[in-house]
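[1] structural data only, the sequence is not supplied:
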Ligand code: CP
Ligand code: NVA
């Protein structure tokens, strides 16, 4: 690919795409998922290569991107900090210049969003955020698709976030602003979600609650995440104390809408942020969320590389 950074479409945070682009992506996801389920070959990315760069651990992101790219006819190169020169302090900008001359698309999981942005600024090919300290847009893409395939539009609905004001919470907030739903948030003191640092200017879609049970009242989706995200392990003991009352349990699910679903990006810790009865219960859709990571990301890679089909 030739240099021309301004023409390249990256997916660095949820607000990089508009509502109508999301509508298109969800429609394509449905088509791509149906083909996969019917064992219909669909290989629009033959001869295309995806490089994945992991500076943090992963199960779902690794497998969903890798399997998805192979299913679409392409190939994959996987790099981690320890087995690349990144672990020996090669600048991210130089890494971007080199890798993006050899592959067609890049997925990165790293720490600061600024590092991802520095890579993208020096990349000749599209870059996808596979999780940073600030955002996890591919996960919210999958979560929204999981809702849409079960219940239809998310517009006007209510999502309750219980727990840490982390990368997942910030991405839900961006999605609420773009797709027109309300986000209820309850976090312990000191772990709040700040709209400005989540990149959201108008916070009309955000409602804050001291008590997590109030956040869950009449919600359509109740969702949470680990108390300690990757990179914050040194805070584990203090977080365990601070988050003790932010465990999604049956009582919280009981005040949500009767048709509400429970979501979790996984990995989960039963007995910490979620009770086993909830994550393993009838309202949980966590396995669909995990599977849908692959289907939405196939649609995303198709869109970033080929544009609109048909
Ligand atoms: N949800 C998610 O991103 O999982 P992994 O950390 O396993 O990739
Ligand atoms: N908030 C979690 C999500 C893991 C998929 C983390 O960043 O570790």
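    Cool, the structure landed. What you see is a predicted model; the values in this text were computed from it and never measured. Ligands and ions are numbered 1, 2, ... in the order given.
[2] quick one: the strands in the chain, in order.
    49-54, 75-80, 105-109, 127-129, 158-162, 182-186, 206-208, 221-224, 261-264 (DSSP state E).
[3] need those in CSV with mean neighbour count, can you?
    All C-beta atoms are positioned from the backbone trio N, CA, C, and that covers glycine. Output for the strands of the chain, formatted as CSV (neighbours: other CB atoms under 10 Å):
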stretch, mean neighbour count
strand 49-54, 22
strand 75-80, 16
strand 105-109, 26
strand 127-129, 26
strand 158-162, 28
strand 182-186, 23
strand 206-208, 17
strand 221-224, 28
strand 261-264, 26
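[4] adding distance to residue 195 and mean pLDDT, write those strands out as CSV.
    Formatted as CSV, those follow (distance: least, CB to CB, whole Å; pLDDT from 0 to 100):
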stretch, distance to residue 195, mean pLDDT
strand 49-54, 29, 98
strand 75-80, 33, 98
strand 105-109, 25, 98
strand 127-129, 19, 98
strand 158-162, 13, 98
strand 182-186, 10, 98
strand 206-208, 6, 97
strand 221-224, 18, 99
strand 261-264, 21, 98
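[5] redo those as CSV? Include distance to ligand 2.
    Formatted as CSV, the strands of the chain follow (distance: least, CB to the nearest ligand atom, whole Å):
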stretch, distance to ligand 2
strand 49-54, 12
strand 75-80, 16
strand 105-109, 9
strand 127-129, 12
strand 158-162, 12
strand 182-186, 15
strand 206-208, 19
strand 221-224, 10
strand 261-264, 9
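[6] among those, which comes closest to residue 40?
    Set against residue 40 and scored by CB to CB, the strands of the chain come closest in strand 75-80, at 20.6 Å.
[7] got the contact list for that closest one?
    For strand 75-80, contacts defined as CB atoms under 8 Å, 6 or more residues apart in numbering pick out 48-55, 62, 65-66, 69-70, 86-87, 103.
[8] can you mark which positions in stretch 281-301 are buried?
    Neighbour counts using 16 or more other CB atoms under 10 Å place 283-286, 288-290, 292-301 of stretch 281-301 among the buried residues.
[9] what sits against the residue most central in space within the chain?
    Central residue of the chain (CA atoms, centre = their mean): residue 139, 2.3 Å from the mean position. Residues in contact with residue 139 (CB under 8 Å, 6+ apart) are 131, 168, 171, 265, 289, 293.
[10] what residues does the stretch 201-310 of the chain put near ligand 2?
    Residues of the stretch 201-310 of the chain lying near ligand 2 by CB under 6 Å from any ligand atom: 225, 226, 229, 230, 265.
[11] didn't the first one look like it was pressed against residue 163?
    By that I understand residue 225. Yes: between residue 225 and residue 163 there is a contact at 5.8 Å, judged by CB atoms under 8 Å.
[12] my read: residue 177 touches residue 19, true?
    No: using CB under 8 Å, residue 177 makes no contact with residue 19, being 10.0 Å away.
[13] coming back round to it: show the pLDDT at the residue nearest to the centre of the chain.
    In this model, residue 139 is scored at 99, pLDDT.
[14] grab the nearest non-local neighbour of residue 108.
    Nearest residue to residue 108, sequence neighbours excluded (CB to CB, 6 or more residues apart in numbering): residue 53, at 4.6 Å.
[15] over to residue 32?
    Nearest non-adjacent residue to residue 32 (CB to CB, 6+ apart): residue 298, at 5.0 Å.
[16] for that neighbour, what are its contacts?
    With CB under 8 Å, 6+ apart, residue 298 has these contacts: 29, 32, 68, 71, 72.
[17] now, of those, which are buried?
    By 16+ other CB under 10 Å, those give 29, 32, 68, 71, 72 as buried.
[18] how many other residues sit next to the nearest residue to residue 118 once chain neighbours are set aside?
    In space, and not counting its chain neighbours, residue 118 is closest to residue 92: 5.0 Å by CB to CB, 6+ apart. The tally of other residues near residue 92 (other CB atoms under 10 Å) stands at 22.
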